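Asker: next one to model:
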Amino acid sequence: MEMVVHHKISDLYKTLGLPFEQEIDFTILSIPEIHDQIPYKSPVLQADYFSFILTKNGAGVYFLDDNEFSFGAQTIYFTNPGHIKSYELHESKDAFIIILSEKFLRENVHPEIYGAFPFLLAEIVPPKALTENDFEEFETLYSQIQREFEKGSAYTNKIIGNLFAVMLFKIKENFWSAYNPIEEGNRGSQIVKSFKKALEVEFKKVGTSDQNEINL
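Answerer: Coordinates of the predicted model:
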């Protein structure tokens, strides 16, 4: 049985041989820049970060707990913390990977991130095939985020946070508008259980706030 490695974003940087000076809460990487040898098989790991992968031209498969999903050109998918996962690249000519922590999401996108975007708690996220127009919109957002990340100004995190919020709204609009994680079956991961508990608290806050407005 293959050993599972617990990963922070800094651990990912170590695995890829990339330099870093402090703990990392956000990064954007491109393929084949980080994987110049294809085919590639990743280690099995349990990440404590989110990954959003936009594949323009390539193919492969990723493994999420006991599930296996193939992906191809013009697809998007994400993975959230807590899953046991790995991936294989059979062909990869052009792809973006955004990797970020819950801390970054709360500080720069929305303080009640799971109330605003409950689909982030989804247990299973198969790759989503995009139309030409939708893919161009996502590619533009990824490119803008990459440019801001490379600038590294005093406002970089806030600018990236706003651009990433637009991307989350586009994902929600296209694929997850009616998603409710409370109705989904529980996974054994303590991280996800905590997420769902926090989400229920956020929903209760919203409900209380709405009731107070009615009473006023």
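Asker: show me the contacts for the residue nearest to Ala47 when sequence neighbours are not counted.
Answerer: The shortest distance from Ala47 to any non-neighbouring residue, by C-beta to C-beta, 6 or more residues apart in numbering, is to His7 (4.7 Å). In this view, the C-beta of every residue, glycine as well, is placed from N, C-alpha and C. His7 makes contacts with 15, 45-49, as judged by C-beta atoms under 8 Å, 6 or more residues apart in numbering.
Asker: let's see 7 Å
Answerer: Neighbour list for His7: 45-48 [criterion: C-beta atoms under 7 Å, 6 or more residues apart in numbering].
Asker: among those residues, which one lies nearest to Glu137?
Answerer: Ala47 (26.6 Å; C-beta to C-beta).
Asker: and the closest one, how close does it get to Ser70?
Answerer: Shown here: Ala47 relative to Ser70, a distance of 20 Å by C-beta to C-beta, to the nearest Å.
Asker: Glu173 now?
Answerer: Counting by C-beta to C-beta - Glu173 and Ser70 are separated by 25 Å.
Asker: with Ser92 instead?
Answerer: 13 Å.
Asker: give me the low-pLDDT residue ranges for the chain?
Answerer: By pLDDT under 70, the low-scoring segments of the chain are 1-5, 182, 184-216.
Asker: which parts of it are strands?
Answerer: With DSSP state E applied, the chain shows strands at 5-7, 26-31, 40-41, 45-47, 50-64, 67-71, 75-79, 84-100, 128-129, listed in chain order.
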